[in-house]
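**Student:** below is the sequence, then the predicted model.
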Amino acid sequence: MTDDALTIEELAQRVGMTVRNLREWRTLGLLPRATMRGRVGYYEADVVERVERIQRLHAEGFTLDLIARMLDAGGDAADEVIRLAATLRAPYELEDATAAAPPAQRIAQIAAALDELGLTTEQVSEATGRIGEHLEAIAEIFEQVWRDGIWDPFVEAGMPEGELARIQATAARVKPLALEAVIAQFTLAMDAQIERGIARELDRAKPA
């Protein structure tokens, strides 16, 4: 044990956490066992870097269980897994040229890009078809919400002319708001799916 070893209280102060939280992390396998000196446990100073790394990953949205699995991959493998996971979970932006294209052209551009990545036409076609089925259902949901909350009350009120401008403005906002809602929820769902996929692959990579 080196002279700069830390008690759990000193470690907590160094990384800005509570002793209780550090003990929970230790229970989850995120921290190594302390080396006992008499009745006091000590951590090597390099555990600070490990804790800070966990803090960053947790702040990026990774669950503590998945972080433990990634770190348990060990050495360079752990670094590669973490870099891959961070890349997959990074926020994305639509390219201006693609975003500005008409929907049909945009779909064709996306299909071409997927083909360049090595996916076959059949795989792209099947995936696009399955996505289309779900998107039709999503569009129906938003149309139903708008009809129940905006259009039907307007009709039941006798379609007053003074309300027509508001109805038109509402209709114009529904599509972009619906798109933002779908993207936000899809991002959350994709992040969750990626976490499950990483955990599954880590389990498969464990020695038999």
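**Tutor:** That came through, no problem.
**Student:** Three-state assignment for Ala45, please.
**Tutor:** Assigned state for Ala45: coil (three-state reduction, DSSP: H, G, I helix; E, B strand; the rest coil).
**Student:** distance check, it against Ala68.
**Tutor:** For Ala45, the distance to Ala68 (C-beta to C-beta, to the nearest Å) stands at 21 Å. In short, each C-beta sits where N, CA and C put it, glycine included.
**Student:** in the helix or strand in which Ser125 is found, which residues are buried?
**Tutor:** Secondary-structure element containing Ser125, defined by DSSP states H and E: helix 121-146. Under the neighbour-count criterion of 16 or more other C-beta atoms under 10 Å, helix 121-146 has 124, 142, 146 buried.
**Student:** which one of those residues is nearest Ala205?
**Tutor:** Using C-beta to C-beta, Val124 is the member of the buried residues of helix 121-146 that lies nearest Ala205, at 28.4 Å.
**Student:** if we can go back for a sec, centre of the chain to the helix holding Ser125, how far?
**Tutor:** The chain centroid and the centroid of helix 121-146 are separated by 21 Å, computed with C-alpha atoms, centre = their mean, to the nearest Å.
**Student:** could you say what helices and strands that helix packs with?
**Tutor:** helix 103-116, helix 161-205 (3 or more C-beta pairs under 8 Å, 6 or more residues apart in numbering; DSSP states H and E).
**Student:** what's the closest of these to Arg14?
**Tutor:** Of all those, helix 161-205 sits nearest to Arg14, with 28.8 Å by C-beta to C-beta.
**Student:** quick one, the closest one and helix 121-146 angle?
**Tutor:** Per axes from the mean of the first three to the mean of the last three C-alpha atoms, to 10 degrees, the angle that helix 161-205 makes with helix 121-146 is 140 degrees.
**Student:** which neighbouring elements make contact with helix 161-205?
**Tutor:** With contacts taken as 3+ C-beta pairs under 8 Å, 6+ apart, helix 161-205 sits against helix 64-72, helix 75-89, helix 121-146.
**Student:** may I see those helices organised as a markdown table, with mean pLDDT and distance to Val155 added?
**Tutor:** What follows is these, written out as a markdown table (pLDDT from 0 to 100; distance: least, C-beta to C-beta, whole Å):
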| stretch | mean pLDDT | distance to Val155 |
| --- | --- | --- |
| helix 64-72 | 84 | 50 |
| helix 75-89 | 68 | 45 |
| helix 121-146 | 86 | 13 |
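**Student:** Thr7 is nearest to which of these?
**Tutor:** Using C-beta to C-beta and comparing these, the one that lies nearest Thr7 is helix 64-72, at 22.4 Å.
**Student:** would you mark the buried spots in stretch 62-69?
**Tutor:** By neighbour count on 16+ other C-beta under 10 Å, the buried set for stretch 62-69 is 62, 66-69.
**Student:** Gln105: which of those residues is nearest?
**Tutor:** Nearest to Gln105 among these: Phe62, at 36.4 Å, using C-beta to C-beta.
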